[in-house]
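Undergrad: Give me the fold of what follows.
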Amino acid sequence: MEELPNYFDVIIVGTGMPECIIAAAAARIGKKVLHLDRNGYYGGDWASFSYDKFLEWMDDVKASLEPDCGPIQMLQYAPFLEPNERISLCPNKSKTIRNLVLKSYIKDSPDLPVPATANDSENDNGDQSTENNTTEEEGSALPLSSEIVGEAAEQVEDNSNTDSENQEIDTNSNPQPIPVHQEWTTSAFMENRRKFNIDLAPKIMFSRGSLVELLITSNIARYAEFQCITRILVYTNGHIEQVPCSRADVFSTENVNLVEKRMLMKFMNFCSKFEEQSADFVGYEDKPFVEFLKSQKLTSNIQHYIIHAIAMVDESCSTLQGLKATQKFLLSLGRYGNSPFLCTCYGSAELPQCFCRLCAVYEGMYYLKRQVDGIFTDQENKCTGIVSRGQRIGCEWLVMESTYSPVNYYTLSNPQRISRAILISDASVYPSEKRENILLRLPPTSGMKSAVTVLEFNSKNYVCPEDLCKLKMWCICVVVLQSNSSEDLKEAVELLFTTENTDSVDDKQNQKPKLLWSVYFNQLDTSTINLDEDCPTGVFLTSNPDLDLDYEHAVKQAHEIFEAMYPGEEFLPRSPDPEDILIEMHNNPGDEGECGKIENDVSSMDGDGENNTADEDGENNTADKDGENNTADKDGENNTANKDGENNTADEDGDQNAQESSEAIANDEN
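TA: Residues are numbered from 1 along each chain as shown. Just a heads-up that it's a prediction; the model follows:
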């Protein structure tokens, strides 16, 4: 096997969100970047999988919990050491996931006819089935830009006029009765399994959050497709209600009376510019937010909406934090429809891969299934390089996801963990005539010791088959049990779902959807740990997914690390569109005026789901003998999906996604 180059400006280990942002930013300013991952897939704890790949991931997690084979002999690395150097060995397994439990409630028999969504021509060796549907409906993929055009503009025209009190919005129409679904069997479920994209750590974005701004200003948004979160719900008074967010929502809802509507509108106007009215909350800055709300004479109903659905904070949150959270929500309203949130199609792992693509375009070198065995430091405790597969590779900077680093680089003292659940149901928790992307927050109750966040997606988002819903549920881990990861979320699941056949229930208005399949696990959260305290000079550690709903922590962490490495350099300047990039013609390099345009987008992954900057032996191959950029597969197709149908952003003809094929994404000046 041909060795990698012996030196890079930056070596990045792990392909989670912060690492991928840093890799793209460094490559964008011309730095030589090597990006490694011990896994055979992108994302690490941020990854998305097809159903079969998810089961493989479960097997890998269980294997990682087994004892190591034995101590690694330090002497084998002695030939790589320079004078006065030492080596710190890195773990070869990630142990961030534990208490992994799968529960299935699907009947094995009788074998009923496959639901209408099943493709009769599809079989175990068939083509990918996560391809884009040919029929689109409202809520289809949105371009990230200051101008919204085409179908996205129609959606905004229909939904986002937030300034009209008289606008007719069916915000509070009662949920439609749940239709009686055909019984799902194991065979029917498995025939549709290729249509699943299963996230480990789902997140969404505020429309005016730091990640959306970064995607726009860097022009990385063209690599992905986005949709709005079209329903924001809250559990109150024993049932689920839709949250009135905009001015139009407030005045059309039937869940609050006229006096409460005026209260809510007045408070929302205050929060949108509360810094200019500091006298109104002086003395309450560090007091609980709920005390300030009571001082404003807000009813308990309005307080509940604000705390649990708009600010989405705990009742113990300080007033200043609560006001900032409320303002953040309000400022994101109306940018891309009547919702403050965006999500990606095909799962959250699309976003790290977008940044990997940009890094590959700027000659970043990718290598999956490659472990870092150890880190070299000199007598001044400065990192000088790594050893991997018997090769020493030097670097100026080393960025690692924290669980890749030697155990002495940070201290895990009573770390925070997150309880997560992945659920598949036969209907929505809030059924309606249209398929909706839903955000629901369940406040703490006697059974739920902490607030639970719920995201629901469906086939419109390309994450599951027709007639099914995929939900992600998480909260801070409170009940620490060695074998029962579902305890923290048990009450929430029982509140929203049934595992029994409820077709005989007369009151279908209140009928719960049936839970078909679920997975529970506890995930380590290193975002609350000081990761810089014991690191050598030149080494930065990044955290894995945190408890928050959005990506703010990951973007902030990536920006701070980049600024520490390259102070004064621009963080992810706008990347030109492919048709705007000029290269020398390879048949006559260097001649004046002999330039051609790159007409096709550049993909960072080949048809097997691995980054094809590496050849069949895993060797880096970012340029061919003629110097051509060769990060796309041999057909030139933009394809981030593997043969099993993971994260497919291109159709069979290699068409680029909605953003790339229809328009260039405008730089948002706002």
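
Undergrad: how about the nearest residue to Lys195 once chain neighbours are set aside, secondary structure?
TA: Once flanking residues are discounted, Lys195 sits nearest to Pro465: 4.3 Å by Cβ to Cβ, 6 or more residues apart in numbering. In short, each C-beta sits where N, CA and C put it, glycine included. With DSSP: H, G, I helix; E, B strand; the rest coil as the basis, Pro465 sits in coil.

Undergrad: Neighbours of Pro465, how many?
TA: Counted with other Cβ atoms under 10 Å, residues neighbouring Pro465 total 24.

Undergrad: distance of it from Ile438?
TA: Distance, Pro465 to Ile438, using Cβ to Cβ, to the nearest Å: 18 Å.

Undergrad: Repeat that for Thr96.
TA: 28 Å.

Undergrad: which ones are touching the closest residue to Cys343 other than its chain neighbours?
TA: Distance criterion Cβ to Cβ, 6+ apart; nearest residue to Cys343, sequence neighbours excluded, is Ile204 at 4.7 Å. Neighbouring residues of Ile204 by Cβ atoms under 8 Å, 6 or more residues apart in numbering: 229, 341-343, 439, 455, 549-550.

Undergrad: Quick check: of those, which lies closest to Met190?
TA: Leu455 (24.6 Å; Cβ to Cβ).

Undergrad: what bridges to that closest one?
TA: Taking DSSP bridges as the rule, Leu455 bridges to Leu439, Lys472.

Undergrad: on that earlier part again, need the contacts of Ile204 in JSON lines (columns: neighbour count, pLDDT and secondary structure).
TA: Listed next are the contacts of Ile204 as JSON lines, based on neighbours: other Cβ atoms under 10 Å; pLDDT from 0 to 100; DSSP: H, G, I helix; E, B strand; the rest coil:
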{"residue": "Ile229", "neighbour count": "22", "pLDDT": "95", "secondary structure": "coil"}
{"residue": "Phe341", "neighbour count": "25", "pLDDT": "96", "secondary structure": "strand"}
{"residue": "Leu342", "neighbour count": "25", "pLDDT": "96", "secondary structure": "strand"}
{"residue": "Cys343", "neighbour count": "25", "pLDDT": "96", "secondary structure": "strand"}
{"residue": "Leu439", "neighbour count": "24", "pLDDT": "97", "secondary structure": "strand"}
{"residue": "Leu455", "neighbour count": "22", "pLDDT": "97", "secondary structure": "strand"}
{"residue": "Leu549", "neighbour count": "18", "pLDDT": "95", "secondary structure": "coil"}
{"residue": "Asp550", "neighbour count": "20", "pLDDT": "96", "secondary structure": "coil"}
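
Undergrad: Straight-line length of stretch 236-250, end to end?
TA: 17 Å (Cα to Cα, to the nearest Å).

Undergrad: Can you show me the strands along the stretch 351-500 of the chain?
TA: 365-368, 374-377, 383-388, 391-401, 416-425, 438-442, 452-457, 469-476 (DSSP state E, counting those that start in this stretch).

Undergrad: er, the stretch 101-250 of the chain I mean
TA: 198-199, 205-206, 226-228, 231-236, 239-242.

Undergrad: sorry, back to before: and which of the contacts of Ile204 is nearest to Met268?
TA: Nearest member of the contacts of Ile204 to Met268, counting by Cβ to Cβ, is Phe341, at 16.9 Å.

Undergrad: which residues does Cys317 contact?
TA: Residues in contact with Cys317, defined by Cβ under 8 Å, 6+ apart, are 288-289, 307, 311, 325.

Undergrad: now with 7 Å?
TA: 288-289 (Cβ atoms under 7 Å, 6 or more residues apart in numbering).

Undergrad: Mind pulling up the pLDDT for it?
TA: Looking at Cys317, its pLDDT stands at 91.

Undergrad: ok, it to Val290 distance?
TA: For Cys317, the distance to Val290 - Cβ to Cβ - is 8 Å.

Undergrad: now do Tyr430
TA: 26 Å.

Undergrad: What distance do you get for the closest residue to Val454 other than its chain neighbours to Cys343?
TA: In space, and not counting its chain neighbours, Val454 is closest to Leu440: 4.1 Å by Cβ to Cβ, 6+ apart. From Leu440 over to Cys343 the distance is 14 Å, taken as Cβ to Cβ.

Undergrad: can you check Ala63 too?
TA: Applying Cβ to Cβ to Ala63 and Cys343 gives a distance of 32 Å.

Undergrad: do the same with Phe289
TA: 27 Å.

Undergrad: neighbours of Ser218, just the number please.
TA: 22.

Undergrad: Let me see the contact set for it.
TA: Here Ser218 is in contact with 572, 574-575 (criterion: Cβ under 7 Å, 6+ apart).

Undergrad: What subset of these is buried?
TA: 572, 575 (16 or more other Cβ atoms under 10 Å).

Undergrad: can I assume Thr344 is in contact with Ala224?
TA: Yes. Thr344 lies in contact with Ala224 (Cβ atoms under 7 Å); the separation is 5.4 Å.

Undergrad: what residues are shared contacts of the two?
TA: 350-351.

Undergrad: more neighbours, the two?
TA: More crowded of Thr344 and Ala224, by other Cβ under 10 Å: Thr344, with 26 against 23.

Undergrad: quick one: contacts for that one?
TA: Contacts of Thr344 (Cβ under 7 Å, 6+ apart): 224-226, 350-351.

Undergrad: Identify the bridge partners of it.
TA: Phe226.

Undergrad: residue ranges with poor pLDDT in the chain?
TA: 1-2, 67-73, 109-182, 446, 480-483, 501-510, 578-670 (pLDDT under 70).

Undergrad: if we go to 50?
TA: Low-confidence segments of the chain (pLDDT under 50): 111-140, 146-179, 504, 506, 508-509, 583-667, 669-670.

Undergrad: Neighbours of the closest residue to Ser419 other than its chain neighbours, how many?
TA: Leaving aside its sequence neighbours, Ser419 sits nearest to Asp488 (Cβ to Cβ, 6+ apart; 3.8 Å). By other Cβ under 10 Å, 28 other residues sit near Asp488.

Undergrad: show me the contacts for Asp488.
TA: Taking Cβ under 7 Å, 6+ apart, we find Asp488 in contact with 419, 475, 477-479.

Undergrad: quick one: which of these is most hemmed in?
TA: Ser419 leads the contacts of Asp488 on contacts (other Cβ under 10 Å) with 26 neighbours.

Undergrad: For that one, give its distance to Asn437.
TA: 23 Å.

Undergrad: from what I can see Leu368 touches Asp37, true?
TA: Yes. Assessed by Cβ under 7 Å, Leu368 is found in contact with Asp37 at 5.2 Å.

Undergrad: Settle it for me: which of those two has more neighbours?
TA: Asp37 (27 against 21).

Undergrad: Which of the three states applies to the closest residue to that one other than its chain neighbours?
TA: Distances taken as Cβ to Cβ, 6+ apart put Thr15 closest to Asp37, at 4.6 Å, once the chain neighbours are dropped. When classified by three-state DSSP, Thr15 comes out as coil.

Undergrad: could you list every residue that touches Thr15?
TA: 35, 37, 42-44, 352, 356.

Undergrad: Could you rerun that using 8 Å?
TA: 35, 37, 39, 42-44, 352, 356.

Undergrad: thinking again about what came up before, if I look at the residue nearest to Val454, how far off is Leu211?
TA: Distance from Leu440 to Leu211, by Cβ to Cβ: 22 Å.

Undergrad: Please enumerate the helices of this protein.
TA: For the chain, the helices defined by DSSP state H cover 17-28, 51-64, 150-159, 186-191, 210-218, 247-252, 258-272, 289-295, 300-305, 319-331, 350-361, 490-496, 552-565, 658-662.

Undergrad: Nearest to Tyr7, out of these?
TA: Nearest of the helices of the chain (Cβ to Cβ): helix 17-28, 14.5 Å.

Undergrad: how far does that closest one sit from the chain's center?
TA: Its chain's average C-alpha position is 16 Å from that of helix 17-28, according to Cα atoms, centre = their mean, to the nearest Å.
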